[in-house]
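Trainee: give me the fold of what follows.
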Amino acid sequence: MNQPCLHPDDLPSPQTIKLSEILFRQLEEATKKSFFLACDRMTRILLSSCHWYFQINSGVLTLIVICNNMKSYRQIMKTVPQFAAHLKQFANRAKITVSSPIDKGIPWVLNIDNALPEGDLPSS
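Mentor: Numbers count the residues shown, from 1 in each chain. Okay, the predicted model is just below:
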């Protein structure tokens, strides 16, 4: 078993941990709203056709997009460079995860620092 390196008195209390989790969820929701408003009308419509949300893990903001069908997946993949440009306004470290419909492949993950030009995106 791994024992913490710190004395129990130096560790955060359960209340502090719970409060941090709540604040992270609020930050994710606020980021989602601001990101959506920063997008153009067509991108908003495209996002509305998918399930999408933000998650913060280890200080990295992740846009997670889950597509319902292959048509929306292909359209989302064409829009990834725009998503990356918008994400750079919200975080220094961010990534994008795009999932195709169930059983149609594995999630595609991209760090925004390594965003590909539109012509270099994988085709499906």
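
Trainee: in this structure, which residue is closest to the centre?
Mentor: Residue closest to the average C-alpha location in the chain (CA atoms, centre = their mean): residue 63, at 1.4 Å.

Trainee: quick one: average confidence on the longest helix seen in the chain?
Mentor: Looking across the chain with DSSP state H, the single longest helix is helix 14-38. Averaged across helix 14-38, the pLDDT comes to 91.

Trainee: go through it and flag the buried ones.
Mentor: Residues 28, 31, 35 are the ones in helix 14-38 that count as buried (16 or more other CB atoms under 10 Å). Where C-beta positions appear, they are placed from N, C-alpha and C, glycine not excepted.

Trainee: right, and the helix or strand after that helix?
Mentor: Toward the C-terminal end, the helix or strand that comes next after helix 14-38 (DSSP states H and E) is helix 41-48.

Trainee: what is the mean pLDDT for that following helix?
Mentor: 94.

Trainee: who touches it?
Mentor: Residues from elsewhere that reach helix 41-48 (CB atoms under 8 Å, 6 or more residues apart in numbering): 36, 39, 65, 72, 75, 76, 79, 82.

Trainee: quick check: ChimeraX command selecting the buried ones in the residues you listed.
Mentor: Listed next is the ChimeraX selection for buried residues among the contacts of helix 41-48, using 16+ other CB under 10 Å:
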select :39,65,72,75,76,79,82
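
Trainee: and of the contacts of helix 41-48, the nearest to residue 18?
Mentor: residue 36 (27.7 Å; CB to CB).

Trainee: give the contact list for residue 95.
Mentor: Shown in contact with residue 95 (CB under 8 Å, 6+ apart): 60, 61, 62, 63, 109, 110, 111, 112.

Trainee: filter those residues down to just the ones in helices.
Mentor: Using DSSP H, none of these sit in helices.

Trainee: hmm, which of those residues are the buried ones?
Mentor: For these, a burial check counting by 16+ other CB under 10 Å picks out 61, 62, 63, 110, 112.

Trainee: among those residues, which lie within strands?
Mentor: If you go by DSSP state E, the buried ones among the contacts of residue 95 have 61, 62, 63, 110 in strands.

Trainee: that older thread, including distance to residue 88, could the contacts of helix 41-48 go into JSON lines?
Mentor: What follows is the contacts of helix 41-48, written out as JSON lines (distance: CB to CB, whole Å):
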{"residue": "36", "distance to residue 88": "16"}
{"residue": "39", "distance to residue 88": "14"}
{"residue": "65", "distance to residue 88": "17"}
{"residue": "72", "distance to residue 88": "24"}
{"residue": "75", "distance to residue 88": "21"}
{"residue": "76", "distance to residue 88": "18"}
{"residue": "79", "distance to residue 88": "15"}
{"residue": "82", "distance to residue 88": "11"}
